[in-house]
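Asks: Model the structure of this input:
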Amino acid sequence: MAESGSSVVQPDVRTREGRAKLMGRLPKFSDLSPDDVDALAGQALVRQLGAGVDLYLDGAVADSFAIVVMGTISKRGVVNKRPLGPNTVVGTLPLLRRNERLRRRTAGLMSLSPVMLIEIPYRALDLLPSERREAFLDSIAEEALTLIERLEHAS
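Replies: Prediction:
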């Protein structure tokens, strides 16, 4: 990872190593071991979307959560002065507290500009030791609630 001034060169997320580097920089992944992060990076896919495309639909069941690598997203139907941008972990409420009703609900998110995402399937979390998996899920669930609250109430 080369640095020039205050800007950090973005790793090539098309490779497993690049995805692991980017993920390892994010606070949500800080409690995971490098091997855990590498295992998740190995299951992740890079997804690119144009502007105005749905990432998740309200009420739908999702198979993954994602990290915004580039571009901006917001809650569908909300005019928002503070869209979500790079290094934001987004996902759906299936992660929430193992409550079956909430597990099936997703918040509608759409791209405001062309976006690149690292998409991590929920099934990849089975690769983590149970205690780290539960802590990670709780952390992501809290983040999801915070982001949705921010998007719904921002002006």
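Asks: Which stretches in this protein count as helices?
Replies: Assigned by DSSP state H, the helices in the chain fall at 16-25, 34-43, 100-103, 130-153.
Asks: which stretch among these comes nearest Met110?
Replies: Judged by CB to CB, the one of the helices of the chain that comes nearest to Met110 is helix 130-153, at 11.0 Å. Every C-beta, even on glycine, is put in place using the N, C-alpha and C of the backbone.
Asks: Now do the buried residues in that closest one.
Replies: Neighbour counts using 16 or more other CB atoms under 10 Å place 136-137, 139-141, 143-144, 147-148, 151 of helix 130-153 among the buried residues.
Asks: lowest-pLDDT helix or strand in this structure?
Replies: Ranked by mean pLDDT, DSSP states H and E, the weakest helix or strand in the chain is strand 3-4, scoring a mean of 42.
Asks: For Gly42, list the residues it contacts.
Replies: Taking CB atoms under 8 Å, 6 or more residues apart in numbering as the criterion, Gly42 is in contact with Arg16.
Asks: The chain should start at 12 in everything you say after this.
Replies: All set: I'll call the first residue 12, so the last point we hit is now Gly53.
Asks: To Tyr67, which of the helices of the chain lies closest?
Replies: Smallest distance to Tyr67 across the helices of the chain (CB to CB): 10.5 Å, for helix 141-164.
Asks: Now do the closest one: which elements does it pack against?
Replies: Applying 3 or more CB pairs under 8 Å, 6 or more residues apart in numbering; DSSP states H and E, one finds that helix 141-164 contacts strand 84-86, strand 100-101.
Asks: how about a cut-off of 10 Å?
Replies: Packing partners of helix 141-164 (3 or more CB pairs under 10 Å, 6 or more residues apart in numbering; DSSP states H and E): helix 45-54, strand 75-81, strand 84-86, strand 100-101, strand 120-122.
Asks: okay, these in JSON lines with distance to Met34 next?
Replies: Output for those, formatted as JSON lines (distance: least, CB to CB, whole Å):
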{"stretch": "helix 45-54", "distance to Met34": "5"}
{"stretch": "strand 75-81", "distance to Met34": "7"}
{"stretch": "strand 84-86", "distance to Met34": "18"}
{"stretch": "strand 100-101", "distance to Met34": "9"}
{"stretch": "strand 120-122", "distance to Met34": "19"}
